[in-house]
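Student: Sequence plus predicted model, see below.
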Amino acid sequence: MAGLEDLYREIILDHYRTPRNRGELDAPAVSAEGHNPLCGDEIRIFVDVRDGIVTDVRFNGSGCSISQSSASMMTSAIKGKPVAQVKAIVKKFKSMMTVDEDESPVDESLNLGDLEALQGVVKFPVRIKCATLGWNTLLDALTAAGQ
Amino acid sequence: MAGLEDLYREIILDHYRTPRNRGELDAPAVSAEGHNPLCGDEIRIFVDVRDGIVTDVRFNGSGCSISQSSASMMTSAIKGKPVAQVKAIVKKFKSMMTVDEDESPVDESLNLGDLEALQGVVKFPVRIKCATLGWNTLLDALTAAGQ
Amino acid sequence: MSLDVAAIRKDFPVLHRLVNDKPLVYLDSANTSQKPQAVIDALSNFMSHGYAPINRSAYQLAAEATDLFEGTRSALAKFINAPKAHEVIFTKNATEALNLVILSWGRANLNAGDTVLLTHMEHHANIVPWHMLVAERGIQLRWIPLTHDGQLDLSNLDSLLQDVKVFSFTAMSNVLGTINPVQQLCAAAHKAGALAIVDACQSVPHQPTDVQAWGADFVAFSSHKMCGPSGVGVLWGRESLLEALPPFLGGGNMIADVRLDGFTTAELPAKFEAGTPAIAEVIALGAAVKYLDGLGMANIRRHEIELSTYVLNSLTERFGNDITIHGPTNPELRGATFSFAFRGIHPHDLSQVLDQANVCVRAGHHCAKPLMRILGANATARASFYLYNTQQEADMLADALDSASDIF
Amino acid sequence: MSLDVAAIRKDFPVLHRLVNDKPLVYLDSANTSQKPQAVIDALSNFMSHGYAPINRSAYQLAAEATDLFEGTRSALAKFINAPKAHEVIFTKNATEALNLVILSWGRANLNAGDTVLLTHMEHHANIVPWHMLVAERGIQLRWIPLTHDGQLDLSNLDSLLQDVKVFSFTAMSNVLGTINPVQQLCAAAHKAGALAIVDACQSVPHQPTDVQAWGADFVAFSSHKMCGPSGVGVLWGRESLLEALPPFLGGGNMIADVRLDGFTTAELPAKFEAGTPAIAEVIALGAAVKYLDGLGMANIRRHEIELSTYVLNSLTERFGNDITIHGPTNPELRGATFSFAFRGIHPHDLSQVLDQANVCVRAGHHCAKPLMRILGANATARASFYLYNTQQEADMLADALDSASDIF
Ligand SMILES: Cc1ncc(COP(=O)(O)O)c(C=O)c1O
Ligand SMILES: Cc1ncc(COP(=O)(O)O)c(C=O)c1O
């Protein structure tokens, strides 16, 4: 069995204690809400998309260290990136979490940076839903933004 | 385990091969229909009740040797008897079959005669429903006759 | 490859039980099948060493149980060639699976005057829920009649399908043994714009299943007829249809959110799995799937065709006009399930006499009373064979039948 | 008589499992309980030597199986002091039992504007089916609020019950541990002319049950929480109410007759048991009832009061304001189920850390999201104790909690 140090890496706890991009965005930004039906965690993601670029992104809600830090790292990773690249990052991340469902190829050249720290979550299958909560909600928010 | 000779007593097979009171009765007699939902057996009992006496009774339908012979013996046992006595016989018979549900006392002095041959059915619990099909239907017919 | 039935029989402990010093001849597998040691062991090992809730708790024991449970879902999806594991929904039996799709889909989509097409050989589980919708919503039922040898009379299929919203039918009759042309029937249903629901209770345990090749929309079957534990049924449905289907039972696990003023549903498959499921039984069903897969469903089917050929030939040779066997005479067109009438002896009496020789057959209407009326009987005796049955057991059935005449 | 917990622990094989060389501390019995050897043996013995269909077939093996199956029904009736065995209906879980009575009774008897009274501490299984009726039939829901220590606030009960058609409530909260005054609540419901439905999932496994003393109309609970197998639930109802209740699922076994144009229902209990039931599991549930009866439900209750006293005292002493335990502080008013918040650590993280010490607790909303919102939490950690748990295990929980602070 995997030890806790695989799960609670320092960078994860850092994002949990000091979340980046926490907050809300006013219109014209749009938002989406996500639930983890298993544990009750809730998250809301706000995105501001202009000319095909995610110019700003925020999150709020409450949840465990994994869901919160994953959302925080996600916002850092996508802010300022073109939507197409954001989607590629989402895909790569979900693939790392073993929950990438659509069949198109993953962009192997993408570097997930700090997000790689979440790799260890895969050894704790119940927590995968925690790690991906913000990401699925981001996809909903992008849809709401017409992307 | 009980042997078949306990079930298929000669008198039972006799009533099966040569059923008594098989047929129908015209109005003002009334009838009721019964089903054994487990095996599909069907029976119809006709009773003619005058001045509190079951002056005539008939049965038809189709079923196994136990349901048919039990109905045949039943008609022989109750024909010409006052309704109160008929009900006492039904009660005694159901008690012998271990399915008497209401709490009033059974008339131990009653002699069931040939019907005693059906005692062996109790050792074959699945067949109890066969043996009692006609009897429960008789009760429905008596109710239909306002008794 | 042909089945090594002697070896298979060793896997089923109940077949070694002597009743009154005689071996058990179990010919009631269309009703419910016996269980191999691998399934019994899976159940008791899990209950002894791994029992835990699934989905809800984060600790290792619970995560392991969840993996095993979801493992059965994936194995079943492969077993019936479903495109996605989450299209496989666990219910308590095939009856619940059929009620789920019939009542949920029907209440959401059927209105007064809408027509549903059934067949005269359906099991009550594929009739009574429709009757409920007749009473609730005023729909109409139409029926495909049978040919003299117990096959569907498809001569007017296209006109029977006209304006039909749903065509719901059995893949194999539990009374006649008839195997229906499922692929053709689904194609005809879809051509007519109807939904195709397949009651696969009697076919999944006995032959390879490919829901995609069938082209079906929903398929229902039961664990207990395919060597698995009692208490589990399966509904498979196309993802898009399941997503559009309203939930059937409300409660834990099937929700995304619940507030005082309403709820939202979870994603597939949880949406249709309210409450604590049959955790251990689903896991043991995985062992049954593995067992059947190991033997090969095509081999099982071949064994049953050989057995059917033998049963049909030997009983007819031995008893001639004393026996009437219902259903198709061509073993390729039927499963090894034989309803029959014998020398005018009532089926209930017949099964009682057979039981003296430990030959277990079912007597009754087999939950198909409309079909019984069409056959002109209240009941039939039914001997149904499975992977563990032998030609020798068919002979024991025949010997026991012969002895019934001593009494009646 | 007090329980010999050391002897009881020997009966549960999973408690001897070492995970990573450490013993299992199973504190998730409110979710689902572990199984004693007697239940595992009943299941595997029946499947190995006695498996057969029930009700339908006449041969001896089937008759024996039917007797065993009906034996559980009678034993359960005695266990909950039901007047008649046929008032005991087997379902797949308590969720189905609740859906059966809520949806069948509701669809037949409730109309737009009718009011149903629930409580803020209900499980989703006693909320979502009502939401379904809100959507389907336009009924209204009213809620009993809670006091600060997690009891029902009954100060306005009579006015809350005014014009109420059904009062449906839990006998014991699966989150707070609160034991409700069921007898008083049923009496109040009846005085107001309302039906009383009791969700007894959390109470039947832990204390003596007397449905007649309660004066309830319907009572639902699950086998898997009372040492029995998964895949079985129970609905008890008063005979006259069950007779008036329309059937819920249609199919085999629940019919008296089926024709092409309609059906009639079977008598109780078959009317509500469509399809092949969880034959082996119901039979093994009989072994669970016997096991619990042998120990004595009053003794189990006493053991849990002692354990609760210890847990409440020791955790509060050790952690002071670092721990918030929800629900009543008086052990007589509660079961041994403790939801708590600890040092601001998210319950999911907490349960993960506890799992490193093999301490199994559940983290989440416990299928009671409305209650969670009232508690101001998304989730709690919950440790729930049962007849096999010890004070020593409560200490192991405390030790493991302490170590959680090393990480967060
Ligand atoms: C053709 C058919 N459909 C449906 C059923 C119902 O299955 P179950 O009793 O497992 O719900 C059966 C078996 O009884 C069957 O043979
Ligand atoms: C109070 C309460 N009601 C209902 C249920 C539902 O029981 P089941 O999941 O066995 O259907 C549970 C358990 O999960 C419960 O604790």
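Tutor: Good, I have the coordinates. Numbering: from 1, shown residues only, chains lettered A, B, ... in the order given. Ligands and ions are numbered 1, 2, ... in the order given.

Student: so what's whatever residue of the stretch 151-300 of chain C ends up closest to ligand 2 up against?
Tutor: Residue of the stretch 151-300 of chain C nearest ligand 2, by CB to the nearest ligand atom: C:G275 (2.9 Å). All C-beta spots, glycine's among them, are computed from the backbone N, C-alpha and C. Contacts were defined as CB atoms under 8 Å, 6 or more residues apart in numbering or on different chains; by that measure C:G275 touches C:249, C:251-253, D:92-96, D:125, D:222, D:233.

Student: What about these, which are in strands?
Tutor: D:222, D:233 (DSSP state E).

Student: any chance of the contacts of C:G275 in CSV, plus distance to B:V57, pLDDT and neighbour count?
Tutor: Formatted as CSV, the contacts of C:G275 follow (distance: CB to CB, whole Å; pLDDT from 0 to 100; neighbours: other CB atoms under 10 Å in any protein chain shown):
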residue, distance to B:V57, pLDDT, neighbour count
C:L249, 48, 98, 28
C:G251, 52, 98, 27
C:G252, 56, 96, 28
C:N253, 57, 95, 23
D:K92, 45, 98, 30
D:N93, 48, 98, 31
D:A94, 48, 98, 31
D:T95, 50, 98, 32
D:E96, 45, 98, 28
D:A125, 52, 98, 33
D:S222, 49, 98, 30
D:G233, 45, 98, 29
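
Student: and the residue of the stretch 151-300 of chain C closest to ligand 2, what element?
Tutor: Of the helices and strands defined by DSSP states H and E, none includes C:G275.

Student: do the same with the one 10 residues further on
Tutor: Taking DSSP H and E as the criterion, C:L285 maps to helix C:279-295.

Student: quick one: the helices in chain A?
Tutor: Applying DSSP state H to chain A gives helices spanning A:4-7, A:10-17, A:65-78, A:83-96, A:125-144.

Student: Now find how far off-centre the second one is within its chain.
Tutor: Chain-centre distance of helix A:10-17: 14 Å, with CA atoms, centre = their mean, to the nearest Å.

Student: Other residues contacting it?
Tutor: With CB under 8 Å, 6+ apart as the test, helix A:10-17 has contacts from A:65-66, A:68-69, A:72-73, A:114, A:117-118, D:407-408.

Student: looking at the chain, which helix or strand is least sure?
Tutor: You didn't say which chain, so I picked chain A. Ranked by mean pLDDT, DSSP states H and E, the helix or strand of chain A with the weakest confidence is helix A:4-7, at a mean of 87.

Student: My question was about chain C, not that one.
Tutor: Scanning chain C with mean pLDDT, DSSP H and E, the lowest is strand C:18-19, at a mean of 84.

Student: measure A:D140 to chain D for me?
Tutor: Applying CB to the nearest CB, to the nearest Å, the value for A:D140 to chain D is 19 Å.

Student: cool, C:A85 as well?
Tutor: As judged by CB to the nearest CB, C:A85 and chain D stand 20 Å apart.

Student: Contact partners for that residue?
Tutor: C:70, C:73-74, C:77.

Student: repeat that for 7 Å
Tutor: Neighbouring residues of C:A85 by CB atoms under 7 Å, 6 or more residues apart in numbering or on different chains: C:73-74, C:77.

Student: what's the answer for C:S222, then?
Tutor: Neighbouring residues of C:S222 by CB under 7 Å, 6+ apart: C:93-94, C:201, C:233, D:276.

Student: Turn those into a markdown table, columns for distance to D:S155.
Tutor: Shown next, in a markdown table, are these (distance: CB to CB, whole Å):
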| residue | distance to D:S155 |
| --- | --- |
| C:N93 | 46 |
| C:A94 | 50 |
| C:C201 | 54 |
| C:G233 | 47 |
| D:T276 | 49 |
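
Student: Can you tell me which of those is closest to chain A?
Tutor: For these, the closest approach to chain A (CB to the nearest CB) belongs to C:G233, at 23.7 Å.

Student: Close to ligand 1: what parts of chain C are there?
Tutor: C:93-95, C:123, C:125, C:170, C:174, C:199, C:201-202, C:222, C:224, C:233, C:367 (CB under 6 Å from any ligand atom).

Student: so how far is A:L7 from A:C130?
Tutor: To A:L7, A:C130 is 10 Å away according to CB to CB, to the nearest Å.

Student: where's the most centrally placed residue in chain C, which helix or strand?
Tutor: Centroid-nearest residue in chain C: C:C201, 1.3 Å away (criterion: CA atoms, centre = their mean). Assigned by DSSP H and E, C:C201 belongs to neither a helix nor a strand.

Student: I'd guessed it sits against C:T95; true?
Tutor: No - checked against CB atoms under 7 Å, the pair C:C201 and C:T95 is beyond contact range at 9.1 Å.

Student: does stretch C:189-207 come close to chain D?
Tutor: No - counting by CB under 7 Å from any CB of the partner chain, no contacts exist between stretch C:189-207 and chain D, the nearest distance being 9.6 Å.

Student: What average pLDDT does that stretch get?
Tutor: For stretch C:189-207, mean pLDDT is 98.

Student: Quick one: distance of that stretch to the chain centre.
Tutor: Its chain's C-alpha centre and that of stretch C:189-207 lie 12 Å apart, by CA atoms, centre = their mean.

Student: now, which of the contacts of C:S222 sits nearest C:V25?
Tutor: Of all those, D:T276 has the smallest distance to C:V25: 21.5 Å, by CB to CB.

Student: who's in contact with that closest one?
Tutor: C:32, C:93, C:222, C:224, C:230.

Student: one more time with 10 Å
Tutor: C:31-32, C:92-95, C:125, C:201, C:222-225, C:230-231, C:233, C:367, D:53-56, D:251-253 (CB atoms under 10 Å, 6 or more residues apart in numbering or on different chains).

Student: for C:T380, same thing?
Tutor: The contact partners of C:T380, by CB under 10 Å, 6+ apart, come to B:40, C:175-176, C:324-326, C:338-342, C:347, C:350, C:361-366, C:368, C:371-372.

Student: Is there a quick PyMOL command that grabs whichever of those residues are buried?
Tutor: Those of those that count as buried under 16 or more other CB atoms under 10 Å in any protein chain shown are selected in PyMOL with:
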select buried, (chain B and resi 40) or (chain C and resi 175+176+325+326+338+339+340+341+342+347+350+361+362+363+364+365+366+368+371+372)
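
Student: Distance of the residue nearest to the centre of chain C relative to B:V121?
Tutor: In terms of CB to CB, C:C201 sits 33 Å off from B:V121.

Student: okay, the helices of chain A, which one's buried deepest?
Tutor: For those, average neighbour numbers computed from mean count of other CB atoms under 10 Å in any protein chain shown are highest in helix A:65-78, which has a mean of 26.

Student: Up against ligand 2, what does chain C have?
Tutor: C:252, C:275-276.

Student: what touches both of A:C130 and A:L7?
Tutor: Each of A:65-66, A:118, A:121, A:124, D:349, D:352 lies in contact with both A:C130 and A:L7 under the rule CB under 10 Å, 6+ apart.
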